[in-house]
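In: what's the 3D shape of this:
(one chain, ligands or ions: 1)
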Amino acid sequence: MELPTTAWQGIDLEQRLAWARRWMRRTAEAAGRLPDLTAVRLAVTAHLDLKSALFLQAYRTAGAAVIVHPADPATTRADVQRLVEAWGIDVTDPAACVAWEPTHTVEMGGDILVEAAARGYDGIVAGIEMTRTGLNRVAALALTCPVFDLDGVPLKNQLHNRFTVGTSTWHTVTARTQLSLHGLTVLVAGYGEVGAGLARTARGLGAVVQVAEVDPARALIASYDGFDVVGLAGDRADIVVTATGRTGTLSADVIGTLKDGCLIVNAGHSADEIDLDALGNGVQAVPAVTSHRVGGREILLFAGGHVANLAAGDGDSLNAFDVTAALIVDSAGWLVAHGNEYPTGLHAYPGP
Ligand SMILES: NC(=O)c1ccc[n+]([C@@H]2O[C@H](COP(=O)([O-])OP(=O)(O)OC[C@H]3O[C@@H](n4cnc5c(N)ncnc54)[C@H](O)[C@@H]3O)[C@@H](O)[C@H]2O)c1
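Out: Okay, the predicted model is just below:
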């Protein structure tokens with residue numbers, strides 16, 4: 001499923017790349033700092049959109065052999081895929097990435113490390129994981145190499161997660177539904193940096209905001225921030241948005257209690273935060289929304305439950321994501337130079 005994005009339809013890819021480069025100067029500077037990567041076989045899991053093309057190009061220009069597994073078919077832009085393939089980058093599935101025998105990984109979601117563990121492949125020297133969902137998955141593996149948590153550094157979770165996901169998610173939802181949040185009750189599931197950003201932004205856009213959070217400390221923080229802390233189940237919310245990084249957050253039981261006409265949106269990495277089986281097949285309401293019948297009520301699903309801002313929109317802004325993309329470029333250079341100095345297991349990334 002590729003939903004046409006709102007902003008760029010009909011605009012030539014080269015023109016879009018030039019515009020992205022204009023606003024992503026930090027990424028270009030980081031590319032210039034990369035060491036020689038000619039001995040590196042780098043397997044990447046990423047949302048294959050315009051901004052990812054810039055860091056993939058940086059790795060290729062530094063000499064790395066690169067293979068890419070798209071993090072989600074719904075966030076893969078066909079024209080960007082063709083472009084990176086023209087740069088000599090194969091776009092394929094995790095099994096083929098592992099069979100290609102990578103020496104290093106840079107991932108959003110951990111699919112390649114999960115596949116490597118399943119196949120008993122131990123040729124990876126070191127890896128980077130930059131999503132909370134991926135870190136949750138990687139933490140459960142019997143790793144054979146050091147893996148570095150790029151999500152935990154302030155430049156990632158206290159900028160990107162905290163500020164930009166809320167903005168780009170609500171921008172996408174309102175643009176694609178022709179709704180505003182005024183007068184609507186929004187329930188945010190999960191009060192990590194992403195959930196907190198979604199809640200603050202929704203309040204700024206006029207919604208009445210409630211938060212459901214299983215961690216008592218984070219629930220308390222949400223209440224100190226002025227949000228009504230509630231359970232997930234119930235028929236109060238007009239929109240429920242998930243940002244937990246956990247499978248099955250909106251379970252069949254929870255979905256069964258939602259208000260007639262409730263719109264479900266997922267801002268987490270993976271659509272599995274919602275029990276999609278419980279929703280069954282739907283019919284299209286508008287291009288980004290499907291309508292489902294559950295127990296005699298209608299439930300609306302945004303972007304098929306895929307990560308909303310990237311599946312139905314253009315993701316984070318170019319200027320803000322520039323910081324993240326520069327970090328992604330820099331971290332690969334560091335990984336190749338120093339990753340092998342660490343023992344097997346999950347580590348904090350020692351950068352900014
Ligand atoms: N859309 C984007 O562009 C984007 C960008 C960055 C991160 N993400 C994703 O957003 C998700 C959240 O990221 P984060 O950094 O805030 O993670 P986090 O782990 O810091 O926060 C998640 C919160 O959800 C809570 N939680 C877990 N299960 C719950 C449940 N059943 N009900 C209520 N609360 C529950 C946890 O206690 C935690 O406080 C991840 O999947 C991450 O990969 C998306």
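
In: Please count neighbours and contacts with C-alpha atoms only from this point.
Out: Fine.

In: Quick check: residues of the stretch 151-300 of the chain near the ligand?
Out: By Cα under 6 Å from any ligand atom, the residues of the stretch 151-300 of the chain that approach the ligand are 161, 165, 189-195, 212-215, 218, 243-246, 249, 267-269.

In: For this structure, which helix or strand comes out least confident on mean pLDDT?
Out: Using mean pLDDT, DSSP states H and E, the weakest-scoring helix or strand in the chain turns out to be helix 154-155, at a mean of 91.

In: and that one, what other elements does it pack with?
Out: In this structure, helix 154-155 makes packing contacts with helix 318-338, judged by 3 or more Cα pairs under 8 Å, 6 or more residues apart in numbering; DSSP states H and E.

In: and residue 175, helix, strand or coil?
Out: helix (DSSP: H, G, I helix; E, B strand; the rest coil).

In: Equivalent analysis for residue 264, please.
Out: strand.

In: okay but it is in contact with residue 249, surely?
Out: No. The criterion here is Cα atoms under 8 Å, and residue 264 misses it with residue 249 at 11.8 Å.

In: Who has more neighbours out of these two?
Out: Using other Cα atoms under 10 Å, the more surrounded residue of residue 264 and residue 249 is residue 264, with 25 against 19.

In: Can I have the buried ones of the residues of the stretch 151-300 of the chain next to the ligand as a PyMOL selection?
Out: Burial among these is assessed by 16 or more other Cα atoms under 10 Å; the matching PyMOL selection reads:
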select buried, resi 161+165+189+190+191+192+193+194+195+212+213+218+243+244+245+246+249+267+268+269
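
In: coming back round to it: can you list contacts of the least confident helix or strand of the chain?
Out: Identification of contacts with helix 154-155 by Cα atoms under 8 Å, 6 or more residues apart in numbering yields 323-324, 327, 352.

In: Now residue 286. Its backbone dihedrals?
Out: phi -140, psi 170 (degrees, to the nearest 10).

In: residue contacts, it?
Out: Counting by Cα under 8 Å, 6+ apart, residue 286 has contacts residue 177.

In: now residue 185
Out: By Cα under 8 Å, 6+ apart, residue 185 lies in contact with 207-210, 236-239.

In: Could you do residue 347 as well?
Out: With Cα under 8 Å, 6+ apart as the criterion, the residues that contact residue 347 are 146-149.

In: got a pLDDT number for it?
Out: We have a pLDDT of 98 for residue 347.

In: and what of residue 7?
Out: pLDDT, residue 7: 60.

In: again with residue 11
Out: pLDDT, residue 11: 81.

In: re the thing from before, out of the contacts of residue 347, which is nearest to the ligand?
Out: Looking at the contacts of residue 347 and their distance to the ligand, the nearest is residue 149, at 11.6 Å (Cα to the nearest ligand atom).

In: In the sheet, which residues pair with the closest one? Tell me.
Out: Assessed by DSSP bridges, residue 149 has beta-bridge partners residue 129, residue 348.

In: cool, and residue 185?
Out: With DSSP bridges as the criterion, residue 185 is bridged to residue 208.

In: Helices along the stretch 1-150 of the chain, start to end?
Out: With DSSP state H, counting those that start in this stretch applied, the stretch 1-150 of the chain shows helices at 13-23, 25-33, 50-61, 78-86, 94-99, 111-119, 132-138, listed in chain order.

In: How about the residue nearest the centre of the chain: what's its closest non-neighbour residue?
Out: With distances taken as Cα atoms, centre = their mean, residue 269 lies nearest the centre of the chain, 4.1 Å away. Nearest residue to residue 269, sequence neighbours excluded (Cα to Cα, 6 or more residues apart in numbering): residue 307, at 5.7 Å.

In: what's around that neighbour, how many residues?
Out: 26.

In: Just the pLDDT for it.
Out: Predicted confidence (pLDDT) for residue 307: 98.

In: for the one 4 residues further on, same thing?
Out: Here the pLDDT value assigned to residue 311 is 96.
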